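Asks: Let's see this in three dimensions:
(6 chains)
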Number of protein chains: 4
Amino acid sequence: MVPSGIPRADEITGSLPDIIAGLDLPRVPQQDRSRQKRDALVAAAAQLFEECGYEATTADDIATAAGVSIGTFYSYFRNKRQVFLTLLARCVETLAALHIADLDIRTDPRGDIRATVHQAMGRDELFYGMRRAWTELLPRDPDLARYDRQINALIYAQILTAARRAAAHGLTHADLDLEATCWALTLLLDRAWQLQPRPGADPAADLARQQQALADLIYRALIREA
Amino acid sequence: MVPSGIPRADEITGSLPDIIAGLDLPRVPQQDRSRQKRDALVAAAAQLFEECGYEATTADDIATAAGVSIGTFYSYFRNKRQVFLTLLARCVETLAALHIADLDIRTDPRGDIRATVHQAMGRDELFYGMRRAWTELLPRDPDLARYDRQINALIYAQILTAARRAAAHGLTHADLDLEATCWALTLLLDRAWQLQPRPGADPAADLARQQQALADLIYRALIREA
Amino acid sequence: MVPSGIPRADEITGSLPDIIAGLDLPRVPQQDRSRQKRDALVAAAAQLFEECGYEATTADDIATAAGVSIGTFYSYFRNKRQVFLTLLARCVETLAALHIADLDIRTDPRGDIRATVHQAMGRDELFYGMRRAWTELLPRDPDLARYDRQINALIYAQILTAARRAAAHGLTHADLDLEATCWALTLLLDRAWQLQPRPGADPAADLARQQQALADLIYRALIREA
Amino acid sequence: MVPSGIPRADEITGSLPDIIAGLDLPRVPQQDRSRQKRDALVAAAAQLFEECGYEATTADDIATAAGVSIGTFYSYFRNKRQVFLTLLARCVETLAALHIADLDIRTDPRGDIRATVHQAMGRDELFYGMRRAWTELLPRDPDLARYDRQINALIYAQILTAARRAAAHGLTHADLDLEATCWALTLLLDRAWQLQPRPGADPAADLARQQQALADLIYRALIREA
DNA sequence: AATGAATGAGAGTTCATTCAT
DNA sequence: TATGAATGAACTCTCATTCAT
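Replies: Model prediction:
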């Protein structure tokens, strides 16, 4: 069972880079030719995972799409899961670059939150290949579930840090359950990364609209009107 | 790819019961003995799906857990997917019973939202067996993805109806993008159904706390302070 | 392997009724109600075998089509094969009624042969349900292959008897290999029972035309022009 | 139901090679080792089909008999049916090599027919593995039934061509229904390919005897005595 | 390093037959 | 005698992974 309660303080350990360090990743090849081949495999996997899902994508499909043999695939990755972990590592790096905790919310809380949401959700291309595979693997890969929990816990911790700073400056609602609210926001973000522009609408404008609504929702959930 | 933009008006068609009607469900056996056996199979499937996930649970596992042979399993369900659909139907029935749209928000918005959230999330046991299976099947079952989209669209429509009523009475924020905000809340609810009490804490109290934070978040996202 | 050489004299033993006697048939029920039920099962089986083939027809299909339960099916027939044998017995009885050997060819050989072919091939309805099932079961049922061989041998013997009578009266070609020719004719007849009217044509007329061509072929293969 | 009326003119389309081209055949491996393995599988299948029939032969049996694993079997053939189609293609190639239509019947009709029958039936080894499988699959494989019909129609067309040439030279019986007679001969040939030498007799001599009787039968069915 | 043929455990599903009611 | 729920052996086919070349 995926435990999804508010993370306890002791669960917020390590950092996003630590998670990458803990992954069973293949070593990055040093030679240029090899690295290109590995990248081609990862790119092919991302596209196929996105289009067909993880299960429906065979190791053979990935190798073929990357223009190499199945044998070569297995010389770069110990197994199919490792390709996925490589994609995961890329995601986590992106998340680590967000620095939500550094959000200084004092001068323009609404603008700051909007900017952060925009930044967070604009990394769409880096989740490419992850969305479907993640939901497919999560339920049956205990390690992955742990990573999921850990990543969410760290994002939660960052949100909580920023929220506490706002609270310290008297910006938040008086009776706010900071922890539970930040956890709810973390869960919402997790879902928000799956947002798509609605078909028919101008994609960029539509996404911007959704991002703004989301940012305002977060703003109002936390910050009281002056 | 699962399209997750704000539902267009024309996507909000039918009703939750319509979705159940569209499912390829086995007929419910009339005889008591048979119904008991079918229920045992469904219960076994739910538990195994919850514990091991959908893929990792074989038809044989379910039959064995229910104390019948594989042949019996296939005489009650055409295939493994049909067991899942049976669980799904149960969920949708629960959702249909929520009547979010009927929420009359005028007198005590905060209390009403709290009550609704409490009611919505208190149905936990009925999602038992669905959480993991749903995320596993979603990416590879186009029909299911359609149902998912449809169900979310209908919940969104209900939230939007209630929110519009509040707006008509001048209760909501002035500059609110109602549609985008309600869609964000719908996505949040979808995630919220996976909430668990945090280990170590008193489960009931902890869930109540998370529910209240969630309800307040929704309240503040929509309703302006008097 | 199905042995299809010209039958040796010692293979021509017994009679068509003997074959029926050797079949593992269920006893015919005495009570009227029971006989009706059995007949309904046989009729349903014939139709399904004809339309779907033997393998594709399940015991359950037959029972359902006959309006009884699978249990009842198995109280009338020990197994699926026994239904087929029942149909077979009906065929063999029909064949036994042909009396080809009695053909007195002296006065009007051509007319006699035509009449016999017409009579032989006109029993179409009695082969109903057999054509597909026979070819399906033959290759995998050694007993059935033996029956096939035996039946063909007996028909061959009858044709040979008639042909020898004609030869004795100097009606046949001088240099005729009676045995081999009659065997070829037997094989041809076996195939001829699968003849259908060609689509588009008047069925009765078309069949009559094919029968006449077949009869003339036999006539010319055996009888020399005066 | 297998329609076995005299082929209509519009049914005689394409050529035997066209039929092979329409089959869903696996590509022939280029590497020697692979081809040998594929041939071993085909040979094993032929023997097992001949001895046990198509249905009774499992994919596993074939793989084991060929000394490879079931996985290897499925890397050479998409399914069991494809092995059969490979055998079928071999047969059709043989039939295409017969050139019955080219039969010039004017100078020595009897000798020509004998030679052709001899040639046609001497290809016995190439039908190995087909006889039982064909009759087993025919009733339940609509595609195969179509091929059967098509192949027979083409053979019929060739026989008819030769017979018409003979008729044009006034060699045939005056009142002959050419079409119906040639169709009967086609059906007879179809059965004749299942001829075996009778046990106990000298195989070669016995087959020659049967072939000669068959050829004479055809000769007399068509050609009038000078 | 690269290939791709080979492996074989394991999945879903069918259906002839049995037997308690 | 009639029922139909229950059985489970058997079958086809997939695909992650290995390893000889």
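Asks: Now for A:Gly222: which residues touch it?
Replies: One correction, residue A:222 is Leu, not Gly. A:Leu222 makes contact with A:109, A:163, A:166, A:171-173, A:176, A:181, according to CB atoms under 8 Å, 6 or more residues apart in numbering or on different chains. Using the backbone N, CA and C atoms, a C-beta is placed for each residue, glycine as well.
Asks: State the phi and psi torsions of A:Thr172.
Replies: For A:Thr172, the backbone dihedrals are phi -90, psi 170 (criterion: degrees, to the nearest 10).
Asks: Quickly find the element holding the residue of chain A found nearest chain D.
Replies: Relative to chain D, the nearest point of chain A is A:Asp60 (11.1 Å; CB to the nearest CB). Per DSSP states H and E, A:Asp60 falls inside helix A:59-66.
Asks: and the closest residue to A:Ser69 other than its chain neighbours, what does it touch?
Replies: Using CB to CB, 6 or more residues apart in numbering or on different chains and skipping the chain neighbours, the partner closest in space to A:Ser69 is A:Ala63 (5.9 Å). Contacts for A:Ala63 were tallied using CB under 8 Å, 6+ apart; they are A:41, A:44, A:69-70, A:72-73.
Asks: returning to that earlier point: can you mark which positions in the helix holding A:Asp60 are buried?
Replies: Buried residues in helix A:59-66, counted by 16 or more other CB atoms under 10 Å in any protein chain shown: A:59, A:61-63, A:65-66.
Asks: Make a markdown table from the residues you listed and add distance to C:Arg146 and pLDDT to it.
Replies: Converted to a markdown table, the buried residues of helix A:59-66 look like this (distance: CB to CB, whole Å; pLDDT from 0 to 100):
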| residue | distance to C:Arg146 | pLDDT |
| --- | --- | --- |
| A:Ala59 | 52 | 96 |
| A:Asp61 | 52 | 96 |
| A:Ile62 | 56 | 96 |
| A:Ala63 | 54 | 96 |
| A:Ala65 | 57 | 96 |
| A:Ala66 | 60 | 95 |
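Asks: of all those, which comes closest to chain C?
Replies: So of the buried residues of helix A:59-66, ranked by how close each gets to chain C (CB to the nearest CB), first place is A:Asp61, at 34.4 Å.
Asks: Report the contact partners of the closest one.
Replies: A:Asp61 touches A:48, A:52, counting by CB under 8 Å, 6+ apart.
Asks: Quick check: buried residues in the helix or strand just after the helix holding A:Asp60?
Replies: With elements assigned by DSSP H and E, the helix or strand that comes after helix A:59-66 is helix A:70-76. By neighbour count on 16+ other CB under 10 Å, the buried set for helix A:70-76 is A:73, A:76.
Asks: Would you map the helices across chain A?
Replies: A:16-22, A:32-52, A:59-66, A:70-76, A:80-96, A:109-121, A:131-137, A:142-168, A:178-192, A:203-222 (DSSP state H).
Asks: Kindly state the pLDDT recorded for the residue in chain A positioned nearest to DNA strand E?
Replies: Per CB to the nearest atom of the strand, A:Gly71 is where chain A lies closest to DNA strand E, at 2.2 Å. At A:Gly71, the predicted lDDT confidence score is 95.
Asks: same check, this time on A:Gly67
Replies: 95.
Asks: what's around the residue nearest to it when sequence neighbours are not counted, how many residues?
Replies: Spatially, and ignoring its direct neighbours in sequence, A:Gly67 is nearest to A:Ala40 (6.7 Å; CB to CB, 6+ apart). Neighbours of A:Ala40 under the rule other CB atoms under 10 Å in any protein chain shown: 17.
Asks: So A:Ala40 versus A:Val68, what's the distance?
Replies: As judged by CB to CB, to the nearest Å, A:Ala40 and A:Val68 stand 7 Å apart.
Asks: same check, this time on A:Glu50
Replies: 20 Å.
Asks: and if you look at A:Asp32?
Replies: Distance from A:Asp32 to A:Val68, by CB to CB: 16 Å.
Asks: neighbour-wise, which of those two wins?
Replies: Here A:Asp32 and A:Val68 are compared on neighbour count by other CB under 10 Å; more neighbours surround A:Val68, at 18 against 8.
Asks: ok, how many other residues are close to the closest residue in space to that one that isn't next to it in sequence?
Replies: Excluding the flanking residues, the one nearest A:Val68 by CB to CB, 6+ apart is A:Lys37, at 6.2 Å. When counting by other CB under 10 Å, one arrives at 19 neighbours for A:Lys37.
Asks: before we move on, the earlier item: now the contacts of A:Leu222 as TSV including distance to DNA strand E?
Replies: Compiled in TSV, these are given as follows (distance: CB to the nearest atom of the strand, whole Å):
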residue	distance to DNA strand E
A:Pro109	51
A:Ala163	45
A:Ala166	50
A:Leu171	53
A:Thr172	49
A:His173	49
A:Leu176	47
A:Thr181	41
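Asks: As CSV, those residues with pLDDT, distance to C:Leu138 and neighbour count would be great.
Replies: Shown next, in CSV, are these (pLDDT from 0 to 100; distance: CB to CB, whole Å; neighbours: other CB atoms under 10 Å in any protein chain shown):
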residue, pLDDT, distance to C:Leu138, neighbour count
A:Pro109, 89, 86, 21
A:Ala163, 94, 81, 24
A:Ala166, 93, 85, 23
A:Leu171, 93, 88, 16
A:Thr172, 94, 85, 21
A:His173, 94, 85, 18
A:Leu176, 94, 83, 21
A:Thr181, 95, 77, 26
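Asks: circling back: by how many degrees do the helix holding A:Asp60 and helix A:32-52 diverge?
Replies: 120 degrees (axes from the mean of the first three to the mean of the last three CA atoms, to 10 degrees).
Asks: Return the angle between stretch directions for helix A:59-66 and helix A:80-96.
Replies: Using the same axes, to 10 degrees: helix A:59-66 against helix A:80-96 is 60 degrees.
Asks: Is the least confident helix or strand in chain A by mean pLDDT in proximity to chain B?
Replies: Across the helices and strands of chain A, mean pLDDT, DSSP states H and E gives its lowest value to helix A:131-137, namely a mean of 80. Yes - interface with chain B: helix A:131-137 contributes A:131-133, A:135-136 (CB under 8 Å from any CB of the partner chain).
Asks: Mind giving me the packing neighbours of that helix?
Replies: The contact analysis (3 or more CB pairs under 8 Å, 6 or more residues apart in numbering or on different chains; DSSP states H and E) places helix A:131-137 against helix A:32-52, helix A:80-96, helix A:142-168, helix B:131-137.
Asks: just those helices: most buried one?
Replies: Highest mean neighbour count among those (mean count of other CB atoms under 10 Å in any protein chain shown): helix B:131-137, with a mean of 24.
Asks: Could I get the CA-only coordinates of it as PDB?
Replies: Presented in PDB, the C-alpha positions along helix B:131-137 are these (Å, rounded to 0.1, in the frame of the first residue of the first chain):
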ATOM      1  CA  ARG B 131      -6.100   2.800  -6.100                       C
ATOM      2  CA  ARG B 132      -3.200   0.800  -7.400                       C
ATOM      3  CA  ALA B 133      -5.100  -1.100 -10.100                       C
ATOM      4  CA  TRP B 134      -6.500   2.200 -11.400                       C
ATOM      5  CA  THR B 135      -3.100   3.800 -11.900                       C
ATOM      6  CA  GLU B 136      -1.800   0.600 -13.400                       C
ATOM      7  CA  LEU B 137      -4.500   0.100 -15.900                       C
END
